[in-house]
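> Pasted the sequence and its predicted model underneath.
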Amino acid sequence: MSAPKTHGRTHTVEYATWERIVQRCGNPNATNWCRYGARGIRVCARWRESFEAFLADMGERPRGASPDRIDATKGYEPGNCRWADERTQRLNNRRVSLNGLSAILIRGLTIRGVPKKALTVAFGVSRATVEDIVSRRTWKTALSDLSIVVDRGEP
């Protein structure tokens, strides 16, 4: 009796990518679960159950590319995914609309020592936006209304 046939691609970048996608969408203990699975982002059954199907639909990864969901509110599935470079992905990421309260929170958390990089991820904004809020180049009205409370660290 012969051994079952395998795809022979377990140690490829495409396989590692597929594995990370399945994990972050389906495993609450996975890194980035909160940004994918917890938000309802799913992997279609065809891909979840078969690396070969994922590879057939996506093809081999072009150099410097990673998987990109064309509609960031939908899951990983044929027709909504492509290999994209970093610039294309930056232009396609989900945006979080900021309001005055978000700006106050960003400023207050920065004052309390939360790293700016963590705030960019948590609020879905660029580092430049965080810098503008912290230096009061934007959201001036909201920040001035509550700046005394935030700066003093009062509740």
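The structure has been received and is ready for your questions.
> Domains in this protein, by residue range?
The chain is divided into the following domains under automatic domain parsing: 13-92, 100-152.
> could I get those domains as a markdown table with mean pLDDT?
Formatted as a markdown table, these follow (pLDDT from 0 to 100):
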| stretch | mean pLDDT |
| --- | --- |
| domain 13-92 | 92 |
| domain 100-152 | 76 |
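> Is it possible to get CSV of these that adds distance to His7?
Bear in mind the C-beta positions are built from the backbone N, C-alpha and C, glycine included. Shown next, in CSV, are those (distance: least, Cβ to Cβ, whole Å):
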stretch, distance to His7
domain 13-92, 5
domain 100-152, 34
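> CSV for these, including mean neighbour count?
As requested, those are arranged in CSV below (neighbours: other Cβ atoms under 10 Å):
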stretch, mean neighbour count
domain 13-92, 15
domain 100-152, 15
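> Who are the contact partners of the residue most central in space within the chain?
Closest residue to the average C-alpha location of the chain: Arg35 at 5.6 Å, with Cα atoms, centre = their mean. Taking Cβ atoms under 8 Å, 6 or more residues apart in numbering as the criterion, Arg35 is in contact with Arg24, Ile41.
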